[in-house]
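Asks: Below are the sequence and a predicted model for it; my questions follow.
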Amino acid sequence: MSCNRSRILLAIVLTASTATASAQTAVASRTRPHVEFLASDRLEGRESGSPGERLAGDYLAAQLARIGAKPLPGHANMFLSFEFTAGTRDGGSAITIRRDGSTPQTLNGGAQVQALSFSDDAQVSAPVVFAGYGLVLPESQNFGYDSYAGLDVKDKIVLVLHYFPEDTDPKTKAALARYSDLRYKALAARQRGAKGLLVVTGPRSPNAGQALRMSFDTALSGSGIPAASVDGAAANALFAGAPTSLAAAQQELDSGNPHVAGFALPVTVDLTTKVFRERQTSRSVVAYLPASTPAPDFGKPWVIVGAHYDHLGRGTRGTSLANKDEAGRIHHGADDNASGTAGVLAIAEQVAKQPHRRNIVFALWSGEEIGLVGSNAFTAKPPFSIDQIAAYLNFDMVGRMQDNKLTVQATGTSPSWARILEQANIAAGFDLLLQGDPYQPTDVASFNQASIPSLTFFTGTHPDYHRPSDTADKINYEDLDRIAEFAVSITRRVGDLDQAPAFTKVEQTNTGPRAGLRLFTGTVPDYSTEVKGLLLSGVIGGGPADQAGLQKGDIIVEIAGQTIANVYDYTYALEVLKIGAPAKVIYLRAGQRRETTLTPGARK
């Protein structure tokens, strides 16, 4: 360890000690000083890969070292690094407009041409077709609107307007808005054989004529089509010699009349798109307390207690729910998930003082907010054999308890959980809400897919979720401390069992946030791996995908005639599926193209 590194860690420990002393004067809480530090302005929202997240990681490692935890066997420190896509930027996109009898006109630079974040890198040349707003509503919406009706766009470059028709009734506007996402427009163009997509913000729209700024896109791969935004001047050049102007065409389309048709433009375009996807490195913090009294031939000697410590930074990566007045402010993430992180530190401090027969690992993940990347990296390449893990306990948003209610999810992953929770709750006295479903949008999903008995603890959502207003002063520290004490009891019970909890593969459930979806396929997408198609990190036991023979590691490339380039395409393709109607699925397994039939079910 360098001298500078030593000084940094010493400063962090001293900061923590000062915060701890101050907090104990105000309120006797094991968790409060940790939450207040992690959710402070100094850490700027702990976005994965940021200086604030790195400072948080150093703090966590120092706290674990203070209680006697050690790096995992074979590791020099407590940091497990992983790579992720941190952002995108244009790498030099351009268009050249060619018209009979005229000199070719080349446009480039971000003000004129900007690749969209999900674009493929490509060079294509083709005639141009104007397809209105580029909207296609599936039959399931019972509203006929297809911008491509009567248009032949095969092997053409399609020009479409940004947004959706504005001068229509609220019901129609809401239906159109739902399918106006640019990824959906790119999918619609690609499905119809287009070679490329251009998008313009029309003269009647907000930010008229401005090329779209390249926004962050968490997808690691493109959409299967080159796509770029052009400014108003470029669009007018494309419309030169057309039967009507862009402004007049948009005005007619804005009525919402589904019979307003697009038309071919008298130009050919050479389109070049280049997208640079920035790769960054982030770190999970993982340490363990070795078993103090191991039994001979003790099976599955590892128990993992975890929480994610990353959050949204200033909310620039698309998952912020900040209102207009809050945009760009620090998203403190006190409940999500400084609360769970502080809980794990409090558990570790107590466990360190007691004998335990299994090794207890304390894992603080980064990358959760961008798709469970840190915990997925751990289970994909575990530092010890994955089948040696007895159980995983997860804590995500446990700081806003109300009316003594504590939700425990993933209880269906082992028949042992009911009795263990009941016994531990005798002293804790919580009003427990038990949910069997392990397919939750948090790190517990990574361990369930690895067939590890798991639990995840949760105190509920609130209006401050993913907003800058999720601050440390709103945490219920007394109950957060009680949850940590409750978890210590559970951790000790699991750690001392002669036989590790048996894993149960949970079949389709109807609880949790997924219950509102009417159509159910039973697929669990992998958000962290760069592939063309939808990579499955697992399937729900007994669900339609499981019954169709799909497995973890399969890559879906087509469903119901819709080609799939990424998870976004898959989400949109679900709109064309019908409950009870068989759909052909084409997928890759170990590089071989296969076919099956999946029949979507209904959630009750």
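Replies: Now that the structure is in, tell me what you want to look at. Quick caveat, the model's predicted, so the values are computed rather than measured.

Asks: Find the nearest non-adjacent residue to Asp120, please.
Replies: When the adjacent residues along the chain are set aside, Asp120 lies closest to Gly222, with 3.8 Å between them (Cβ to Cβ, 6 or more residues apart in numbering). Using the backbone N, CA and C atoms, a C-beta is placed for each residue, glycine as well.

Asks: give me the number of residues near the one you found?
Replies: Other residues lying near Gly222 total 25 when counted by other Cβ atoms under 10 Å.

Asks: Check Asp431 too.
Replies: The burial count for Asp431: 11, using other Cβ under 10 Å.

Asks: Tell me which residues touch Ala583, please.
Replies: By Cβ atoms under 8 Å, 6 or more residues apart in numbering, the residues touching Ala583 are 559-560, 577, 597-600.

Asks: go with 7 Å
Replies: 559-560, 577, 597-598 (Cβ atoms under 7 Å, 6 or more residues apart in numbering).

Asks: Mind pulling up the pLDDT for it?
Replies: For Ala583, the pLDDT comes out at 93.

Asks: for Phe263, same thing?
Replies: 96.

Asks: ok, the closest residue to it other than its chain neighbours - contacts?
Replies: Leaving aside its sequence neighbours, Phe263 sits nearest to Phe130 (Cβ to Cβ, 6+ apart; 5.8 Å). Applying Cβ under 7 Å, 6+ apart to Phe130 gives the contacts 159, 249, 262-263, 265.

Asks: Just the contacts of Ala583: which are in helices?
Replies: Among the contacts of Ala583, DSSP state H puts none in helices.

Asks: With respect to Ala62, which of those residues is nearest?
Replies: Taking Cβ to Cβ as the measure, Ala62 lies nearest Ile559 of the contacts of Ala583, at 48.3 Å.

Asks: secondary structure element for the closest residue to Tyr288 other than its chain neighbours?
Replies: Computed as Cβ to Cβ, 6+ apart, the closest residue to Tyr288 that is not its neighbour in sequence is Val361, at 4.4 Å. Of the helices and strands defined by DSSP states H and E, Val361 is found in strand 359-365.

Asks: Remind me what that strand packs against, helices and strands.
Replies: The elements that strand 359-365 packs onto, with contact taken as 3 or more Cβ pairs under 7 Å, 6 or more residues apart in numbering; DSSP states H and E, are strand 275-289, strand 302-308, helix 340-351, helix 373-380.

Asks: List of residues touching that strand?
Replies: Identification of contacts with strand 359-365 by Cβ under 7 Å, 6+ apart yields 60, 64, 69, 284-291, 301-309, 341, 344, 348, 351, 374-375, 378, 443, 491, 495.

Asks: Tell me where the stretch 301-450 of the chain has helices.
Replies: Under the criterion DSSP state H, counting those that start in this stretch, helices of the stretch 301-450 of the chain are mapped to 340-351, 373-380, 417-428, 444-449.

Asks: With the chain instead?
Replies: Along the chain, the segments classed as helices by DSSP H run 3-26, 32-38, 51-66, 170-177, 182-191, 232-239, 246-253, 340-351, 373-380, 417-428, 444-449, 477-496, 544-547, 567-573.

Asks: Among those helices, which comes closest to Val585?
Replies: For Val585, the closest of these is helix 544-547, at 8.5 Å, according to Cβ to Cβ.

Asks: residue contacts, Ala450?
Replies: With Cβ under 7 Å, 6+ apart, Ala450 has these contacts: 379, 386.

Asks: sorry, back to before: Throw together a ChimeraX command that grabs the buried residues out of the contacts of strand 359-365.
Replies: Selection of the buried residues among the contacts of strand 359-365 in ChimeraX, burial being defined by 16 or more other Cβ atoms under 10 Å:
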select :60,64,69,284,285,286,287,288,289,291,301,302,303,304,305,306,307,308,309,341,344,348,351,374,375,378,443,491,495
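
Asks: what sits against Val557?
Replies: Val557 neighbours (Cβ under 7 Å, 6+ apart): 533, 563-564, 586-588.

Asks: any idea how far it lies from Leu38?
Replies: Using Cβ to Cβ, to the nearest Å, one gets 41 Å for the distance from Val557 to Leu38.

Asks: Arg358 too?
Replies: The gap separating Arg358 from Leu38 is 28 Å, by Cβ to Cβ.

Asks: Look at the two and report which has more neighbours.
Replies: Counted by other Cβ under 10 Å, Arg358 and Leu38 do not tie: Arg358 has more neighbours, with 30 against 27.

Asks: Name the nearest residue to that one, ignoring sequence neighbours.
Replies: Of all residues not flanking Arg358 in the chain, Gly495 sits nearest, at 4.3 Å (Cβ to Cβ, 6+ apart).

Asks: got the contact list for that neighbour?
Replies: Residues counted as contacts of Gly495 (Cβ under 7 Å, 6+ apart) are 303, 356-358, 360.

Asks: which strand residues sit across from the residue nearest to Phe263 in the sheet?
Replies: Residues in a beta bridge with Phe130, per DSSP bridges, are Leu159, Phe263.

Asks: So for it, what's the pLDDT?
Replies: 98.

Asks: follow-up on the earlier one: which of the contacts of Phe130 are buried?
Replies: 159, 249, 262, 265.

Asks: Can you name the residues that contact the closest residue to Glu558 other than its chain neighbours?
Replies: Spatial nearest neighbour of Glu558, chain neighbours left out: Ile586 (4.0 Å); criterion: Cβ to Cβ, 6+ apart. The contact partners of Ile586, by Cβ under 7 Å, 6+ apart, come to 557-558, 593, 595.

Asks: hang on, the earlier thing: okay, the contacts of Val557 in CSV with distance to Thr319 and pLDDT next?
Replies: Converted to CSV, the contacts of Val557 look like this (distance: Cβ to Cβ, whole Å; pLDDT from 0 to 100):
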residue, distance to Thr319, pLDDT
Gly533, 23, 92
Thr563, 27, 91
Ile564, 23, 92
Ile586, 31, 96
Tyr587, 28, 97
Leu588, 29, 96
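
Asks: tell me which of those is nearest to Thr106?
Replies: After measuring these against Thr106 - Cβ to Cβ - the closest member comes out as Thr563, at 31.5 Å.

Asks: Return the residues in contact with the closest one.
Replies: 190-191, 224, 557.

Asks: related to what we said a few turns ago, what about the residue nearest to Arg358, distance to Val488?
Replies: Separation of Gly495 from Val488 (Cβ to Cβ): 10 Å.

Asks: again, but for Gly591
Replies: Distance from Gly591 to Val488, by Cβ to Cβ: 47 Å.

Asks: Counting neighbours, go ahead and name the busier of these two.
Replies: A direct count of neighbours by other Cβ under 10 Å for Gly591 and Val488 places Val488 higher, at 20 against 6.

Asks: Point out where this protein drops to low pLDDT.
Replies: Low-confidence segments of the chain (pLDDT under 70): 1-27, 140-142, 215-221, 294-297, 318, 508-518, 527-529, 603-604.

Asks: Nearest residue to the middle of it?
Replies: Most central in the chain under Cα atoms, centre = their mean is Gly371, positioned 3.4 Å from the mean C-alpha point.

Asks: just checking, Tyr392 touches Ser446?
Replies: No. Tyr392 is beyond contact range of Ser446, at 8.6 Å (criterion: Cβ atoms under 7 Å).

Asks: and the residue of the chain most remote from its centre, how far is that from Ala235?
Replies: Relative to the C-alpha centroid of the chain, counting by Cα atoms, centre = their mean, Gly101 is the outermost residue, at 50.0 Å. According to Cβ to Cβ, Gly101 and Ala235 sit 21 Å apart.

Asks: Same question for Glu326.
Replies: 33 Å.

Asks: out of the two, which sits in the more crowded spot?
Replies: Neighbour count, other Cβ under 10 Å: between Glu326 and Ala235, Ala235 has more, with 23 against 16.

Asks: Skipping its backbone neighbours, what lies nearest Leu198 in space?
Replies: Nearest to Leu198 is Leu159, by Cβ to Cβ, 6+ apart, at 4.6 Å.

Asks: wait, I meant Gly150
Replies: Spatial nearest neighbour of Gly150, excluding adjacent residues (Cβ to Cβ, 6+ apart): Ala261 at 5.5 Å.
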